[in-house]
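Return atomic coordinates for the entry below.
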Amino acid sequence: MQDRKSFTRDVCSYSQFRKAALNTFVVLICATLTATHSFAEDKVDTAFKIGTCDWSIKMPLSVQSFQFAQRNGLHGIQYSFDVEGKGLDLRLRENRDTIRRTVRKTGVAISSMGIGALNKIPLATTDEAENLVVECLEAMAMLKEEAAALKDREIAAKVSPDIVLLAFFGKADINGKPELIEAVIEKLKRLAPLAEKHGFTLALETLLSEADHRHIMESVGSPAVKVYYDTANSARMGYDIYREIESLGTKNICEIHIKENGDLLGQGDIDFVRIKELLRSAQYKGWLIIEGSTPKGMSREEGCEKNATYAINLFN
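Next up is the predicted model:
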């Protein structure tokens, strides 16, 4: 039979063992929770917001573009701004209300605005184009003001875009035309204060090189003027897109079109895995917008569906 001293010693040893085991268990639980939390944070930090252009899927100025994005797991729509009276023109309050209801229903945001009409109405040479940009900024200001009254702050953020793409293709191309570049600079000097007033960005999508883009931004001298980088356009011009993206960085690039020349994303010459790593290293927080990238003989809708799957799998 065990004596009292031996029994007491054994009880103390067991108590110490139990305490040590409990402490070890607590440490393991805390470590597991920390690792899980860290993994969740890493996942959020490395995720990219992905959308598509409403014109790229041939659904401009419509609720259908948001529904398309929802079906395909996309987070946003780059919404068109055109001459007055086309589609769901955001100059009108009832149309802004319709788009807000659509965003609430689908969960798909307005990532940014895009004025593709500038390809036919060049900013460099027409007053009409300058007026069109002013009208777009005014519509964006109304969206922002109306969003401020919403109780749901998540929806408010999704319906108040702060970037507008200014297009310079076709009749509006200014590449290799110094006199037109200077004309655009003068126009931007007039437009930039209005954009600055509301916290908006005038995003230049062009065929220009990094050096030309820097010349424009430095000449205008406004934080409201940045580059809308298009991977396919720049690659087609023969620019080193990886060097340009790294060099321009998040200070100068406000949004990006992920696009291929005549191929689906991931099936052409552009290394999107490399682009992803460059953007992650630069801590890019902006949108990635799918544009084009549809092979000959394939519908734009089918092309975008396939591209959405690729982009979501790669970038998220």
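
From F81, how far out is the residue lying closest to F168 once chain neighbours are set aside?
Take F168 and drop its neighbours on the chain: the residue closest to it by CB to CB, 6 or more residues apart in numbering is T206, 4.2 Å away. Quick note: C-beta positions are derived from backbone N, CA and C, even for glycine. According to CB to CB, to the nearest Å, T206 stands 18 Å off from F81.

and if you look at D269?
32 Å.

and the two? which has more neighbours close in?
The neighbour count for D269 versus F81, taken as other CB atoms under 10 Å, is higher for F81 (25 against 11).

For that one, give me phi and psi.
phi -130, psi 120 (degrees, to the nearest 10).

List the residues that contact it.
90, 113-115, 117, 132, 135-136, 139, 164 (CB atoms under 8 Å, 6 or more residues apart in numbering).

Neighbours of the residue nearest to it when sequence neighbours are not counted, how many?
Distances taken as CB to CB, 6+ apart put C136 closest to F81, at 4.3 Å, once the chain neighbours are dropped. For C136, the count of nearby residues is 25 (other CB under 10 Å).

quick one: buried residues of the helix or strand where E301 lies?
Following DSSP states H and E, one finds E301 within helix 300-315. For helix 300-315, burial by neighbour count (16 or more other CB atoms under 10 Å) applies to 300, 303-308, 310-312, 314-315.

Give me the residues contacting that helix.
For helix 300-315, the external contacting residues (CB under 8 Å, 6+ apart) are 47-48, 50, 52, 56-58, 68, 72-74, 258, 264-266, 272-273, 276, 288, 290, 292-295.

re earlier: report pLDDT for the residue nearest to F81.
C136 is assigned 98 on the pLDDT scale.

What residues does it make contact with?
81, 113, 115, 164.

For K197, grab the count of nearby residues.
Neighbours of K197 using other CB under 10 Å come to 11.

Need phi/psi at it.
phi -50, psi -40.

From L132, how far out is it?
In terms of CB to CB, K197 sits 18 Å off from L132.

same check, this time on L264
33 Å.

Which one's more surrounded, the two?
Neighbour tally, L264 and L132, criterion other CB under 10 Å: the higher count belongs to L132, 21 against 18.

Specify the local secondary structure of that one.
helix (DSSP: H, G, I helix; E, B strand; the rest coil).

What count of nearby residues applies to G85?
8.

which SS state does it fall under?
coil.

which residues touch it?
So G85 contacts nothing (CB under 8 Å, 6+ apart).

Break the protein into its domains for me.
1-45, 47-315 (automatic domain parsing).

Closest one of the buried residues of helix 300-315 to S281?
F315 (14.1 Å; CB to CB).

For that closest one, give its distance to A195.
Distance, F315 to A195, by CB to CB: 28 Å.

got it, and K120?
Plainly put, K120 is 22 Å away from A195 if you go by CB to CB.

try Y284
Remark: distance between Y284 and A195 (CB to CB) = 21 Å.

So these two - more neighbours on which side?
Here Y284 and A195 are compared on neighbour count by other CB under 10 Å; more neighbours surround A195, at 24 against 19.

Could you verify my assumption that the more buried one touches V134?
No. With contacts counted by CB atoms under 8 Å, A195 stays clear of V134, the gap being 9.8 Å.

Can you pull the poorly scored residue ranges out of the chain?
1-46 (pLDDT under 70).

any chance you could map the helices in it?
Remark: helices assigned in the chain by DSSP state H are 4-46, 64-71, 93-106, 127-148, 153-158, 178-198, 210-220, 231-236, 241-252, 272-281, 300-315.
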